[in-house]
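In: please work out how this folds:
(chains A and B)
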Amino acid sequence: MSDKNWEEIGTVIGSTSTDSYGFLLSSLKASVGDIVITEAEIPSPERGSKRVFIWGRIVSMDRTNPTFPNEAAAELNRIGAIEETIAMVGSEHLHAEVQIIGCTNTSDKDKDNITLNPLSYPVKPTSKVLYPDGDIINKLLSNKNDKDSPIEIGTLINRPDVKIYMSGEGLASRHLAILAQTGGGKTVASRRIITGLAQYGHPTVIFDPHGDYLGLSQNLEELKKISGNKNLKVKLLTPKLLATRDKVPDAISELVSKLGLSMTEAQLGVFYNIVNNEEFVNKLSPTETNLLAHIEKLQHFISKMEVSAMETKSLGPINRKLRIIVTKLENMEKTNQKLRSIFMKKGLIFEDLPDPETNPKKIVNQNQISILYLGGYERVVQSTMVSIILEHLFDNRSSMTDNRINAFSAIIEEAHNFVPSKSEEKGDSPSLMTIRRLLTEGRKFGTGVILISQRPGRLDETTLAQCNTFLVLKLVNPRDQNWVRNVMEQMSEQDAKWLKAFGKGQGFVSGYAVKIPLQVQIKWDSELETKDLGRERFIEENLERWNAGGKEESDEIEKNNKEHKDLLKKTTRIKL
Amino acid sequence: MTSSIEQKIEARLKKPFFTEMLVMAVSTGSNHTKYIEVVKEWSLFIRKKLEERNLIKNIKHRPKEFWNFKGKKKIYNIDGGQLSLAVPGGATMGVRVGTYRVKPGDYSKDTREGFDDSSTLISNLVDRTGHSHYEEDGDFDLDYKKMLEGSRMIMELAEVVKQSEAKGKWNEKPTKDDVIFLHGPIIYQAAMYHLSSSQNSKSPPYKEGFFNSLLQHSPNFQLDIFKNRNKEDEKDLRTFLPIYCELGNYIKNSNVPTYGVVERSINKSSVVQKAVIGELYQTKTREWLMLKQRDFGWSWNTKRVDGSDEGEKVLDIFKQYMLGDPNLFDLILDEGEYLEPIQVTKQYEEKYSSLDYIFRNVFKTMPEPHVTYLKTSEFRKPLRIETLNVTSNFHDDIDLVYHSAKMLPQYAFPLGLDTVDKLAKIPSWMKNSFRNAYQMQMLRSVIDSGNKEHIELGLKSLIPNRTGWNRP
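Out: Residues are numbered from 1 along each chain as shown, chains lettered A, B, ... in the order given. All right, here's what the predicted structure looks like:
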């Protein structure tokens, strides 16, 4: 690849360093985020010198016209085009600031693999700045290493000819955080990564509180085409709290503790005695796995059992707590069912969640994407479910048995609800410790975690710091921006300024899964967009209801109200 | 009932620079109220007389309509910057003169506008072999500054000539429908810039290369001394006065309208009021200067206001009340008004009488400018605009100055000249490199000379604080 093809776009000026330099840029020749090159002579280890290409990324640009005074603007408004006047239009200065990425030997430019080295000698002022072609940037920055199961995530910002890849192995074994405000493109980005993992058949488990990913099932054929994996399956799972008979005592105890239903020590003692009571366990159906059914059985058992006077005092509170659990779970299940029915009308098929303890392979399997739809459940219950499911899956994976499940990636949407920061005061979040465990130990067992959140400021800092790769899209909230900057070592001040300026699908990627920090434009898989799923259309719904009979209904209610009032007037109040 | 112009004058008298004058006047014993009354009355009177004679012209502000040149007019804006280095042994300096040319209404990037960065002088202008001056020498200081100033003035005029001859960046000559603006007076009181050394009766000449670069219109010289020059006069020709006069005459005889625009005339200046009163009252002084001494004729040929003596009294009053040209015309003129151009006298015979024969004769041929004052803003003093050649485009060109100045409403100065001022200024990095380059060169030459005294002097010049060196 000849460097003679590289266009000269500017000249280095001012003081330079080994980290950065500034240059005067010719008009319209480059923009922020672009990769540029200067050629230089630097000292070589052999005490001589060698020629290198110094690679850098434009991180900021300033544009001024020193000959056009601001006070001329008012008169210019009356005139129209500035070209009609005596003002000088061509004296613009474009000054660009470049952050140096590293240097490569000029002799390596035609090689397939180019190694980036740190720069140890400043750029020479007056050097020419060049705009390299896409091929060489692809060689250096694309990060495509076929041994690493590369996943194409998009292109360099402003360089559609330069594709950027993340290391699939890096994502599978380590952890990624995708952070962006609402509308920033998080779902597009995560879908891209899911598609990339699906290309290799890597199992993925998605915890989906709002149904954002259910469309993957609807668009399965498109997903197969894009990923190139004909064997791909998408399972939509309804979360259930499950336990076989012998696991019931532990399961109920776990649920009570995870739901934060605090008991006194005395109550706890009584409770554990009851739940582990052999008579109780034997009464449980051996085929029943629904934990709710087992809890109802427990309630019944407690109502019939004979207890001592001391234990009687504890029974009331225990029963109350069990009633709370049952009521909550029943209501949430109903809500979840109603929400699912909306999706089912669109043709989606849901299955009951297999027991993650006894049947983990039905959840984690080669060529399978499992989506747990958590809609309708309260945050604490969602957190509990995620905690229980992930713990079982991780325990199985880390058991190191021959029969254990495959390595998998867990994708957690609305991650700030599952790993909240202390300042959120959300009380117990059972999933926090579980996910932390996965982040600290997951690398050994191939349980990679992908956290997705629009409010990084609400994420647990320790958890976020454990992430090895970051994909940060648009963030406007200053608290979120500061949070991200504190956690991401590789984010410079200029990069941070871009956080609020990014367009949809544009972001900053850095960390283990990429070679160097880059600004990227995420590839948008439009075929995977769902037009009607997951979109709230309440006004439309209200209108439909009204037209379908709502008007009659309200007339009826009004009529009943009047009759009711009239009746009340006639009725004489009597004392009981 | 006060007229509107009277009200305006009263309001103008409240401006800060009038308040300063008031304070000065009071401090010399003038009565505060009397000062205002006298100044107001005379301003009104002079304005009235000028109006009656149709000597005040008016421009209407119509920006959309005005800026409609369609790329057909070339406007040249010329300005220079100078750099002086206070070092002994030579007149080394940097002078850079630039031209910003623009064609309003031309949308082509290639032809619409450009900047011609002309002569950047970094070598010694004047050969001072055999002379050495210490910095404490007062004569040297005075000569040096004058020479610097004079060289800049010459180079600016030479730039006008160069552009008129298309010897610069552009190869098309300007025509009578184009215009050239120069930042500053079109011509100065020349004699004061002509150097004479206290040690030599003849002033040191410019170097030949520099001299030739100034005369881009060669061989079409204006003055006989250039046309018929001989070898003996060569060195005399290569001095300030003859060159300046030659260039001034070129501009005077050119058909390309050329103007000097002065943004900050000093209040003391009374050249224009002397001319105005001289013309209105047909004073004897004016008659002698214009008709007898210089053979120019009356500028206005207008009906007389009163006798010559009365005119001299008016000038005395203006002097007593410290009413210089800029303040007087600020009071008289409304925004958008300018004075019918009037020829003024800047060159005084007595300044030339002490010079050598060849330079005394130059006086007769030195052109005198026509001047007008144009008020572009009520918040700024009027601009003084000078020309050596009043053409039929005069009113249109003043209109252009006005509308260009309207583009800088606060500064009230033509935007084109403001632009070239920014472009032609010596950047600070160039100043430093000049100083460094000069010092290196000088040190090398004195060390090569082997002369202990010179070496000591050279080293002394490198020390930023000389008192540090002198202290025992």
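In: okay, which residue is most central for chain A?
Out: Ranked by distance to the mean C-alpha position of chain A (CA atoms, centre = their mean), the top residue is residue A:452 at 1.8 Å.
In: tell me the mean pLDDT for stretch B:411-425?
Out: Per-residue pLDDT over stretch B:411-425 has a mean of 87.
In: quick check: buried residues in it?
Out: Using 16 or more other CB atoms under 10 Å in any protein chain shown as the test for burial, stretch B:411-425 gives B:411-424. For the C-beta atoms, the positions are set from N, CA and C on the backbone; glycine is no exception.
In: follow-up on the earlier one: mind listing what the one helix or strand the residue nearest to the centre of chain A maps to pairs with, with the direction of each?
Out: Per DSSP states H and E: residue A:452 is located in strand A:447-453. Sheet pairing of strand A:447-453 (DSSP bridges) gives strand A:176-179 (parallel), strand A:408-412 (parallel).
In: tell me which of those sits most buried.
Out: Compared across these, strand A:176-179 shows the largest average neighbour count, a mean of 28 (mean count of other CB atoms under 10 Å in any protein chain shown).
In: on that earlier part again, and the strands paired with strand A:447-453 as CSV, adding mean pLDDT?
Out: Output for the strands paired with strand A:447-453, formatted as CSV (pLDDT from 0 to 100):
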stretch, mean pLDDT
strand A:176-179, 94
strand A:408-412, 95
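In: using a markdown table, lay out those strands together with distance to residue A:493.
Out: Shown next, in a markdown table, are those (distance: least, CB to CB, whole Å):
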| stretch | distance to residue A:493 |
| --- | --- |
| strand A:176-179 | 18 |
| strand A:408-412 | 30 |
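In: which of the ones you listed sits closest to residue B:284?
Out: The closest of the strands paired with strand A:447-453 to residue B:284 is strand A:176-179. By CB to CB, the value is 90.1 Å.
In: how about residue A:128: what's its closest non-neighbour residue?
Out: In this structure, residue A:128 finds its nearest non-sequential neighbour in residue A:8, 5.0 Å apart by CB to CB, 6 or more residues apart in numbering or on different chains.
In: other SSEs contacting the biggest strand by length in chain A?
Out: Criterion DSSP state E: the longest strand present in chain A is strand A:49-64. Here strand A:49-64 touches strand A:20-25, strand A:35-43, strand A:93-105, helix A:493-498, going by 3 or more CB pairs under 8 Å, 6 or more residues apart in numbering or on different chains; DSSP states H and E.
In: now do the buried residues in whatever helix or strand comes next after that strand.
Out: Using DSSP H and E, the next helix or strand after strand A:49-64 towards the C-terminus is helix A:73-79. Neighbour counts using 16+ other CB under 10 Å place A:75, A:76, A:79 of helix A:73-79 among the buried residues.
In: do the same with stretch A:316-335
Out: Result for stretch A:316-335 [16+ other CB under 10 Å]: buried residues A:317, A:318, A:321, A:322, A:325, A:328, A:329, A:332, A:333.
In: could I get those residues as CSV with distance to chain B and secondary structure?
Out: Formatted as CSV, the buried residues of stretch A:316-335 follow (distance: CB to the nearest CB, whole Å; DSSP: H, G, I helix; E, B strand; the rest coil):
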residue, distance to chain B, secondary structure
A:317, 80, helix
A:318, 83, helix
A:321, 77, helix
A:322, 81, helix
A:325, 76, helix
A:328, 71, helix
A:329, 73, helix
A:332, 68, helix
A:333, 71, helix
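In: farthest pair in these?
Out: A:317 and A:333 (24.5 Å).
In: name the nearest residue to the residue in the stretch 401-550 of chain A positioned nearest to chain B, sequence neighbours excluded.
Out: Closest contact between the stretch 401-550 of chain A and chain B, by CB to the nearest CB, is at residue A:494 (25.8 Å). Using CB to CB, 6+ apart and skipping residues adjacent in sequence, the residue nearest residue A:494 is residue A:59, 3.7 Å away.
In: ok, the one you found touching residue A:101?
Out: No - under the criterion of CB atoms under 8 Å, residue A:59 makes no contact with residue A:101, lying 10.7 Å away.
In: so what does the lengthiest helix in chain B touch, helix or strand wise?
Out: Under DSSP state H, the helix in chain B containing the largest number of residues is helix B:138-164. Packed against helix B:138-164 by the contact rule (3+ CB pairs under 8 Å, 6+ apart) you find strand B:75-84, strand B:93-102, strand B:113-121, strand B:179-183, helix B:208-214, helix B:240-253.
In: show me how far that helix is from its chain's centre.
Out: 11 Å (CA atoms, centre = their mean, to the nearest Å).
In: the inter-axis angle of it versus strand B:93-102?
Out: Interaxial angle of helix B:138-164 relative to strand B:93-102 (axes from the mean of the first three to the mean of the last three CA atoms, to 10 degrees): 30 degrees.
In: which sections of chain A are below the confidence cut-off?
Out: A:1-4, A:113, A:143, A:310, A:424-428, A:531-537, A:550-557, A:559-560, A:564, A:570-576 (pLDDT under 70).
In: any residues of it in contact with chain B? List them.
Out: Counting by CB under 8 Å from any CB of the partner chain, chain A comes close to chain B at A:66-67, A:69, A:71-72, A:74-76, A:78-80, A:83-91.
In: ok, residue A:341 to chain B distance?
Out: 65 Å (CB to the nearest CB, to the nearest Å).
In: show me what the helix or strand encompassing that residue packs onto, helices and strands only.
Out: In the assignment (DSSP H and E), residue A:341 maps to helix A:309-345. Here helix A:309-345 touches strand A:233-238, helix A:248-258, helix A:265-275, helix A:291-304, strand A:350-352, strand A:368-373, helix A:379-397, going by 3+ CB pairs under 8 Å, 6+ apart.
In: just name the most buried of those.
Out: strand A:368-373 comes out most buried of those by mean count of other CB under 10 Å, with a mean of 24.
In: next helix or strand past the helix or strand harbouring residue A:462?
Out: Per DSSP H and E, residue A:462 falls inside helix A:461-465. Downstream of helix A:461-465, the first helix or strand assigned by DSSP H and E is strand A:469-472.
In: strands paired with that following strand, and their directions?
Out: The pairing partners recorded for strand A:469-472 under DSSP bridges are strand A:176-179 (parallel), strand A:506-511 (antiparallel).
In: so what touches that strand?
Out: For strand A:469-472, the external contacting residues (CB atoms under 8 Å, 6 or more residues apart in numbering or on different chains) are A:153, A:166, A:170-171, A:174-180, A:189, A:484, A:487-488, A:491, A:499, A:507-514.
In: same check on stretch B:281-293?
Out: Residues contacting stretch B:281-293 (CB under 8 Å, 6+ apart): B:274-275, B:277-279, B:296-299, B:304-308, B:310-312, B:314, B:343, B:345, B:349.
In: among the residues you listed, name the ones in strands.
Out: residue B:343.
In: which among the contacts of stretch B:281-293 end up buried?
Out: Buried, going by 16+ other CB under 10 Å: B:274-275, B:277-279, B:299, B:305, B:308, B:311-312, B:314, B:343, B:345, out of those.
In: in those residues, find the pair that's most separated.
Out: So, the buried ones among the contacts of stretch B:281-293 by CB to CB: farthest apart are B:305 and B:345, at 20.3 Å.
In: right, I'll leave it there.
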